[in-house]
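this one's structure only:
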């Protein structure tokens, strides 16, 4: 059955965050990432594929033409698969931040970096990721695609980050990545810790920096001005998990 005009309009509108929030839906494109998320049991409201997609043999997908996919795609070059999911945001549980390892992102606005940071949290077995309100939207396609499946594996919450950090008891370290601080190589492994990563250009915001209990830095040997946020997070997370 061909896609209706209203369906095409709805699917195209989901590229905008305000429309995703209004409709409670989000879109993911790309055969590889959708196949991985399907294998993980991600609950999709609808999966649309072209006849050329290797997912077209599944009984739970809707076949659309190449022309229809081009009309609903959010990419200049349409993918062969597009999935629609129900947008559901997790909430912090009481005392959740009292134990375990947390990766907290402060105004990380690059969607590719946010997705990569989800992968890093997944790789190092962190219990959760906190996204401050100024971060790239968790349900944007770039975040989901860059996470390579970690989107479904890592518990991720969008929060008022300063308020969330206030909930962390004194027994849990709050480490802030900064150009000034203790050499991260001196850190011992930690079972209960929050690692805070600031924005790509400005670092930690003032309200978040006030709540950091220890600043750590990655020793520089060359002339680069700074490290990519995801690279810095990977080094710090590896240190607290070694």
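Ah, there it is. Not measured: the values here are computed from a predicted model. Numbering: from 1, shown residues only.

Which parts of this structure are helices?
5-13, 17-23, 31-39, 66-72, 111-123, 141-147, 150-153, 161-166, 206-209, 229-241 (DSSP state H).

Could you save those as JSON lines and add columns showing mean pLDDT and mean neighbour count?
To be clear about C-beta, it is placed using only N, CA and C from the backbone, and glycine gets the same treatment. Formatted as JSON lines, these follow (pLDDT from 0 to 100; neighbours: other CB atoms under 10 Å):
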{"stretch": "helix 5-13", "mean pLDDT": "95", "mean neighbour count": "14"}
{"stretch": "helix 17-23", "mean pLDDT": "95", "mean neighbour count": "13"}
{"stretch": "helix 31-39", "mean pLDDT": "91", "mean neighbour count": "18"}
{"stretch": "helix 66-72", "mean pLDDT": "95", "mean neighbour count": "16"}
{"stretch": "helix 111-123", "mean pLDDT": "97", "mean neighbour count": "23"}
{"stretch": "helix 141-147", "mean pLDDT": "93", "mean neighbour count": "23"}
{"stretch": "helix 150-153", "mean pLDDT": "91", "mean neighbour count": "20"}
{"stretch": "helix 161-166", "mean pLDDT": "98", "mean neighbour count": "18"}
{"stretch": "helix 206-209", "mean pLDDT": "96", "mean neighbour count": "15"}
{"stretch": "helix 229-241", "mean pLDDT": "95", "mean neighbour count": "20"}
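
Which one of those helices lies nearest to residue 178?
Nearest to residue 178, of all those, is helix 206-209, at 8.0 Å by CB to CB.

quick one on the thing from earlier: turn the helices of the chain into a markdown table, columns for distance to residue 102.
Output for these, formatted as a markdown table (distance: least, CB to CB, whole Å):
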| stretch | distance to residue 102 |
| --- | --- |
| helix 5-13 | 34 |
| helix 17-23 | 24 |
| helix 31-39 | 24 |
| helix 66-72 | 37 |
| helix 111-123 | 9 |
| helix 141-147 | 17 |
| helix 150-153 | 15 |
| helix 161-166 | 9 |
| helix 206-209 | 13 |
| helix 229-241 | 11 |
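
what's the closest of those to residue 130?
helix 161-166 (5.7 Å).

quick check: longest strand of this protein.
Secondary structure of the chain per DSSP state E: the longest strand is strand 173-183.

Next, the buried residues of it.
Buried residues in strand 173-183, counting neighbours by 16 or more other CB atoms under 10 Å, are found at 173, 174, 175, 176, 177, 178.

Which residue, neighbours along the chain excluded, lies closest to the residue most central in space within the chain?
The centre of the chain sits closest to residue 115, judged by CA atoms, centre = their mean, with a distance of 4.1 Å. Leaving aside its chain neighbours, residue 115 sits nearest to residue 146 (2.5 Å; criterion: CB to CB, 6 or more residues apart in numbering).

Go through the helices of the chain and name the closest to residue 96.
Short answer: helix 161-166, nearest of the helices of the chain by CB to CB, at 9.5 Å.

ok now that closest one, how far from the chain's centre?
Computed by CA atoms, centre = their mean, to the nearest Å, the chain-centroid distance of helix 161-166 equals 19 Å.

heads up, I number from 15, so please use that
Let's use 15 as the start, then, which means that last one is helix 175-180.

pLDDT score for residue 44?
According to the prediction, residue 44 has pLDDT 92.

so how many other residues sit close to the nearest residue to it once chain neighbours are set aside?
Nearest in space to residue 44, with sequence neighbours left out and distances taken as CB to CB, 6+ apart, is residue 93 at 4.8 Å. Residue 93: 20 surrounding residues under other CB atoms under 10 Å.

Lovely, talk soon.
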